[in-house]
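**Q** below: sequence and its predicted model.
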Amino acid sequence: MLSVIEMHSTFNMYDSTTLSDDCGESRSSVQEVYCSARLYKCYAISQPPYKMFILFSAKIQTYAMSSVSKKLLQSLIKERYI
């Protein structure tokens with residue numbers, strides 16, 4: 001069972017220029033990626049020049065992570081919080 005810190009460490013493998021697919025291969029076309037554990041799901045979205053990494057409860061439906069993340073990122077950009 002992965003802890004929050006371990007989940008965060010897992011997502012630290014993504015560098016500042018590209019996201020990687022689940023095999024660890026860098027691909028500039030990858031804009032969204034997620035990983036799941038027993039208690040948490042991590043989701044990353046790249047919308048240049050921004051990147052956002054979110055930790056969700058495992059209870060969230062996988063399909064919902066994308067829309068929630070995109071709406072949150074757009075809201076943060078629009079309100080100039082980032």
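**A** Nice, thanks for sending it over. Residues are numbered from 1 along each chain as shown.

**Q** quick check: buried residues in the biggest helix by length in the chain?
**A** Longest helix of the chain, by residue count under DSSP state H: helix 62-78. Within helix 62-78, the residues scored as buried using 16 or more other CB atoms under 10 Å are M65, S69, L73. C-beta here means a position set from N, CA and C on the backbone, and glycine is covered the same way.

**Q** measure the first one to I45 for me?
**A** Meaning M65. Separation of M65 from I45 (CB to CB, to the nearest Å): 9 Å.

**Q** show me the contacts for K70.
**A** Shown in contact with K70 (CB atoms under 8 Å, 6 or more residues apart in numbering): I45.

**Q** how about 10 Å then?
**A** Contacts for K70 were tallied using CB atoms under 10 Å, 6 or more residues apart in numbering; they are E32, I45, Q47, M52.

**Q** so which of the residues you listed sit within helices?
**A** Among the contacts of K70, no member falls in helices (DSSP H).

**Q** can you lay out the residues you listed as TSV showing neighbour count and distance to E79?
**A** Output for the contacts of K70, formatted as TSV (neighbours: other CB atoms under 10 Å; distance: CB to CB, whole Å):
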residue	neighbour count	distance to E79
E32	14	22
I45	20	17
Q47	14	15
M52	16	14
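
**Q** what's the closest of the residues you listed to I77?
**A** Q47 (8.1 Å; CB to CB).

**Q** please name the nearest non-neighbouring residue to the closest one.
**A** Once flanking residues are discounted, Q47 sits nearest to L73: 6.1 Å by CB to CB, 6 or more residues apart in numbering.

**Q** then E32?
**A** Nearest one to E32, counting by CB to CB, 6+ apart, is I45 at 5.1 Å.

**Q** so what's that neighbour bridging to?
**A** Beta-bridge partners recorded for I45 (DSSP bridges): E32, M52.

**Q** hang on, it packs against F53?
**A** Yes. The criterion here is CB atoms under 10 Å, and I45 meets it with F53 at 8.3 Å.

**Q** could you list the low-pLDDT ranges of the protein?
**A** Low-confidence segments of the chain, defined by pLDDT under 70: 1-30, 82.
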